[in-house]
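**Student:** got a sequence here, can you build the structure:
(one chain, ligands or ions: 3)
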Amino acid sequence: MGILEKISEIEKEIARTQKNKATEYHLGLLKAKLAKYRAQLLEPSKSASSKGEGFDVMKSGDARVALIGFPSVGKSTFLSLMTSTASEAASYEFTTLTCIPGVIEYKGANIQLLDLPGIIEGAAQGKGRGRQVIAVARTADVVIMMLDATKGEVQRSLLEKELESVGIRLNKHKPNIYFKPKKGGGISFNSTVTLTQCSEKLVQLILHEYKIFNAEVLFREDCSPDEFIDVIVGNRVYMPCLYVYNKIDQISMEEVDRLARKPNSVVISCGMKLNLDYLLEMLWEYLALTCIYTKKRGQRPDFTDAIILRKGASVEHVCHRIHRSLASQFKYALVWGTSTKYSPQRSGQPAGPNNGNWGSLAAGGGPGRAMWWVLPGGRGKDAWALLTLEYVSGWLLV
Ligand SMILES: Nc1nc2c(ncn2[C@@H]2O[C@H](COP(=O)(O)OP(=O)(O)OP(=O)(O)O)[C@@H](O)[C@H]2O)c(=O)[nH]1
Ligand SMILES: [K+]
Ligand SMILES: [Mg+2]
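**Tutor:** Numbering: from 1, shown residues only. Ligands and ions are numbered 1, 2, ... in the order given. The predicted structure is shown next:
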């Protein structure tokens, strides 16, 4: 039996198995098997011809957004509208056959937008150019899943399934489970919360399926067996996804209203240029970008030129952005911003015993290294920070 057949057998068995206490372990095991076969299915393509021609587009700008959707939903029309790049659009399916990059300029940031061929059911197994498309999607910071508002909801769940099956997790966070394989000592299992979906026995069963007999496992969250499997398998990509319903010029107001209320969704019409501003605002929020303005001592900040960084960026990242050698000479920074505790907040490496308290500001950085304060960010439309850096030798002039 080929892997594809095995996968479909297991899927069928999962579908016909009733979910209850008695079948819990059986289902957990099936899911572990399924994840294993899927991983096998994807592996050989890496060595073979996974890098399809026309798909290796260089990353550029401050963030990358991939357009994923069925054929003829309007992806290319959208790219041509939002960027200065023209991508051919036509009423027939599979007009686009390669990856076409464009740039959206917004709030001083350059956002790389990638138009891609349409994908169809079975894309993950290599139908159409599905594998290449999905490989590109994995490299994005945000996925825009473009849907045809005139078509049924089934599009959306089919695409979600395709992306799920190759380890892309949409609008989910990484499960809060500590997992560490060991050389010996068996499996030590602990949890800090009450678990309603997993038990020690089930965790053991799943681990044994992966031939793991020694490991430390700590659940810090009430996770499902699938989430636990994700942690074991690793290489999952957790990605924000915006569902964009295009062609609303073709449907009733009631229908528009219904779609617009769905979570993580935006309704637009490329044809009539409806709601595109709002989509950009949402995209900005999902990208979680922060604008960082620098300020010279005693002078007003320069609001015309921002450094754009992603959520979780640290002062170290800012230093690197300005100059390669700056990080090693950096003493501390004064930060004003939307999420600082105090304004300004001082952050940097402790220079002496008296400055030990700086460490409390630190949220990033490794042990023994300078402690870098993580800049404000997150899903906020107007996350920003203002920053003054000091060199070892004096105030930085930027
Ligand atoms: N009515 C309407 N038609 C639209 C809208 N946006 C795009 N279209 C039409 O939809 C058709 C497909 O558009 P494309 O931009 O080629 O779609 P695509 O998703 O890039 O298609 P593939 O590259 O084949 O996957 C074209 O005929 C467009 O003119 C819209 O908002 N309303
Ligand atoms: K098309
Ligand atoms: Mg196209």
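
**Student:** interface residues of this structure facing ligand 3?
**Tutor:** Residues of the chain found near ligand 3, taking CB under 5 Å from the ion as the criterion, are 75-76, 95-96. C-beta coordinates here come from the backbone N, C-alpha and C atoms, glycine included.

**Student:** most neighbours of all those residues, which one?
**Tutor:** Counting neighbours by other CB atoms under 10 Å, residue 75 comes out on top of these with 30 neighbours.

**Student:** tell me which element the nearest residue to that one once chain neighbours are set aside is part of?
**Tutor:** Leaving aside its chain neighbours, residue 75 sits nearest to residue 67 (4.4 Å; criterion: CB to CB, 6 or more residues apart in numbering). Per DSSP states H and E: residue 67 is located in strand 63-69.

**Student:** what packs against that strand?
**Tutor:** helix 75-82, strand 109-115, helix 130-138, strand 142-148, helix 154-165, helix 276-287 (3 or more CB pairs under 8 Å, 6 or more residues apart in numbering; DSSP states H and E).

**Student:** nearest to ligand 2, of these?
**Tutor:** For ligand 2, the closest of the helices and strands packed on strand 63-69 is helix 75-82, at 6.6 Å, according to CB to the ion.

**Student:** walk me through which strands the helix or strand following the closest one pairs with, and which way each runs.
**Tutor:** Counting by DSSP H and E, the next helix or strand C-terminal to helix 75-82 is strand 100-106. Strand 100-106 has its sheet partners listed here by DSSP bridges as strand 109-115 (antiparallel).

**Student:** now the strand it pairs with, how far from the chain's geometric center?
**Tutor:** Centroid separation for strand 109-115 versus its chain: 15 Å, with CA atoms, centre = their mean, to the nearest Å.

**Student:** in the sheet, which residues pair with the residue nearest the centre of the chain? Tell me.
**Tutor:** Centroid-nearest residue in the chain, with CA atoms, centre = their mean: residue 239, separated by 2.2 Å. Beta-bridge pairing for residue 239 (DSSP bridges): residue 170.

**Student:** isn't it up against residue 145?
**Tutor:** No - counting by CB atoms under 8 Å, residue 239 stays clear of residue 145, with 10.6 Å between them.

**Student:** how about residue 114: what's its closest non-neighbour residue?
**Tutor:** Spatial nearest neighbour of residue 114, chain neighbours left out: residue 66 (4.8 Å); criterion: CB to CB, 6+ apart.

**Student:** so how far is residue 113 from the one you found?
**Tutor:** Residue 66 sits 8 Å away from residue 113, going by CB to CB, to the nearest Å.

**Student:** picking up where we left off before, need the residues touching each of residue 239 and residue 145.
**Tutor:** Common contacts of residue 239 and residue 145, defined by CB atoms under 8 Å, 6 or more residues apart in numbering, comprise residue 170.

**Student:** which stretches of the stretch 251-398 of the chain form helices?
**Tutor:** Under the criterion DSSP state H, counting those that start in this stretch, helices of the stretch 251-398 of the chain are mapped to 253-260, 276-287, 315-322, 326-329.

**Student:** can you put these in CSV and add distance to residue 196, mean pLDDT and mean neighbour count?
**Tutor:** Output for the helices of the stretch 251-398 of the chain, formatted as CSV (distance: least, CB to CB, whole Å; pLDDT from 0 to 100; neighbours: other CB atoms under 10 Å):
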stretch, distance to residue 196, mean pLDDT, mean neighbour count
helix 253-260, 32, 96, 13
helix 276-287, 30, 94, 18
helix 315-322, 39, 79, 20
helix 326-329, 45, 73, 14
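
**Student:** contacting residues for the residue of the stretch 251-398 of the chain found nearest ligand 1?
**Tutor:** Per CB to the nearest ligand atom, residue 271 is where the stretch 251-398 of the chain lies closest to ligand 1, at 3.1 Å. Under the criterion of CB under 8 Å, 6+ apart, the contact list for residue 271 reads 74, 77, 247, 249.

**Student:** what's the nearest residue to residue 139 if we skip its chain neighbours?
**Tutor:** residue 64 (6.5 Å).

**Student:** what is the distance between stretch 80-88 and the centre of its chain?
**Tutor:** From the chain centre to the centre of stretch 80-88 is a distance of 24 Å (CA atoms, centre = their mean).

**Student:** which other residues reach it?
**Tutor:** Residues outside stretch 80-88 that contact it (CB under 8 Å, 6+ apart) are 75-76, 79, 89, 95-96, 100-104, 113, 115, 270, 273, 276, 280.

**Student:** within reach of ligand 2, which of these are there?
**Tutor:** Of these, the ones that also sit near ligand 2 (CB under 5 Å from the ion) are residue 95.

**Student:** my guess is residue 306 meets residue 292, correct?
**Tutor:** Yes - counting by CB under 8 Å, residue 306 does reach residue 292; the two are 6.2 Å apart.

**Student:** and the two? Which one has more around it.
**Tutor:** Set side by side, residue 306 and residue 292 show more neighbours around residue 292, with 24 against 19, by other CB under 10 Å.

**Student:** who does that one bridge with?
**Tutor:** residue 307, residue 385.

**Student:** pretty sure it is touching residue 308, no?
**Tutor:** Yes - shown here, residue 292 and residue 308 form a contact pair, counting by CB under 8 Å, at 7.5 Å.

**Student:** may I have the phi/psi pair for residue 126?
**Tutor:** Backbone torsions of residue 126, given as degrees, to the nearest 10, read phi 110, psi 10.

**Student:** what is the burial count for it?
**Tutor:** Using other CB under 10 Å, residue 126 has 15 other residues around it.

**Student:** distance of it relative to ligand 2?
**Tutor:** 21 Å (CB to the ion, to the nearest Å).

**Student:** ranges for the strands of the stretch 201-350 of the chain?
**Tutor:** Counting by DSSP state E, counting those that start in this stretch, one finds strands in the stretch 201-350 of the chain at the ranges 215-219, 237-239, 241-246, 265-267, 289-294, 307-310, 330-337, 345-348.
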